[in-house]
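Engineer: got a structure for you, letters missing:
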């Protein structure tokens with residue numbers, strides 16, 4: 001994984017959070033206007049967006065973990081010094 005992968009997933013997280021806020025407003029407007037059937041459908045979309053955000057956040061954790069692992073394996077290993085008992 002690369003920093004580009006991390007940037008991509010970060011961008012998707014930001015965009016999804018923005019969509020969630022817009023969808024919350026839509027749900028609120030439908031509910032306040034008494035359009036309960038539309039509000040129910042809008043809530044379903046909101047739940048799907050929230051699940052998508054959860055998946056993206058997990059993906060971000062995976063990318064970070066893989067980047068750390070990759071860095072650790074590319075660094076030279078330090079040798080342990082043995083202490084001899086005299």
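Structural biologist: Cool, the structure landed. Predicted model only: the values in this text are computed from it and were never measured.

Engineer: which residues touch the spatially most central residue of the chain?
Structural biologist: The centroid of the chain falls nearest to residue 57 when counting by Cα atoms, centre = their mean (1.7 Å). If a contact means Cβ atoms under 8 Å, 6 or more residues apart in numbering, then residue 57 has residue 13 as its contacts. (Glycine included, C-beta is placed from N, CA and C.)

Engineer: who touches residue 6 in this structure?
Structural biologist: With Cβ under 8 Å, 6+ apart, residue 6 has these contacts: 60, 63, 64, 67.

Engineer: What of residue 2?
Structural biologist: By Cβ under 8 Å, 6+ apart, the contact set of residue 2 is residue 67.

Engineer: mind checking pLDDT for it?
Structural biologist: What the model reports as pLDDT for residue 2 is 82.

Engineer: what comes up buried for whatever helix or strand residue 31 lives in?
Structural biologist: Using DSSP states H and E, residue 31 maps to helix 3-32. By 16 or more other Cβ atoms under 10 Å, the buried positions in helix 3-32 come out as 5, 6, 9, 12, 13, 16, 20, 23, 26, 27, 30.

Engineer: Residue 36: which of those is nearest?
Structural biologist: When those are compared for distance to residue 36 (Cβ to Cβ), residue 30 wins out at 7.6 Å.

Engineer: confidence score at that closest one?
Structural biologist: The model's pLDDT for residue 30 equals 98.

Engineer: what's the spacing between it and residue 56?
Structural biologist: Taken as Cβ to Cβ, to the nearest Å, the spacing of residue 30 relative to residue 56 amounts to 26 Å.

Engineer: And for residue 59, the neighbour number?
Structural biologist: 16 (other Cβ atoms under 10 Å).
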